[in-house]
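K.L.:
what follows is a predicted structure for the sequence shown.
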Amino acid sequence: MHFDRELDVKGLNCPLPILRTKKTLAEMSSGQVLHVLATDPGAVKDFEAFARQTGNELLANAETGSVFEFYLKRK
């Protein structure tokens with residue numbers, strides 16, 4: 001999937017992945033896509049809730065080994 005920016009938050013635990021994602025999305029333009037790489041097992045639920053609460057669209061998420069990938073579209 002095409003993305004405009006990538007954020008690596010592997011090794012960080014809640015709430016840091018969400019906080020760094022929020023900060024990065026704030027620096028992006030509307031419609032741009034952020035690719036996030038995380039290892040926190042709670043990240044799946046966290047990113048789903050984050051998308052619902054902020055209005056940013058969670059386009060896709062996947063798990064490759066112990067790494068979770070998220071694609072978020074800036075509102």
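P.N.:
Looks like it came in fine.

K.L.:
in the chain, which spans are helices?
P.N.:
For the chain, the helices defined by DSSP state H occupy 16-26, 43-54.

K.L.:
and the shortest one, what's its mean pLDDT?
P.N.:
Translated: helix 16-26. For helix 16-26, mean pLDDT rounds to 98.

K.L.:
buried stuff in that helix?
P.N.:
Pro17, Ile18, Arg20, Thr21, Thr24, Leu25 (16 or more other C-beta atoms under 10 Å). Just so you know, the C-beta spots here come from the backbone N, C-alpha and C atoms, and that holds for glycine as well.

K.L.:
what's the angle from it to helix 43-54?
P.N.:
Orientation check (axes from the mean of the first three to the mean of the last three C-alpha atoms, to 10 degrees): helix 16-26 against helix 43-54 gives 40 degrees.

K.L.:
next up, the contacts around the spatially closest residue to Pro15 that is not a sequence neighbour.
P.N.:
What sits nearest to Pro15 in space, not counting adjacent residues and going by C-beta to C-beta, 6 or more residues apart in numbering, is Asp46, at 7.8 Å. Residues counted as contacts of Asp46 (C-beta atoms under 8 Å, 6 or more residues apart in numbering) are Cys14, Pro15, Pro17, Ile18, Asp40.

K.L.:
got those as JSON lines, with distance to Val67 columns?
P.N.:
JSON lines is the format used below for the contacts of Asp46 (distance: C-beta to C-beta, whole Å):
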{"residue": "Cys14", "distance to Val67": "16"}
{"residue": "Pro15", "distance to Val67": "19"}
{"residue": "Pro17", "distance to Val67": "12"}
{"residue": "Ile18", "distance to Val67": "17"}
{"residue": "Asp40", "distance to Val67": "10"}
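
K.L.:
alright, calling it a day.
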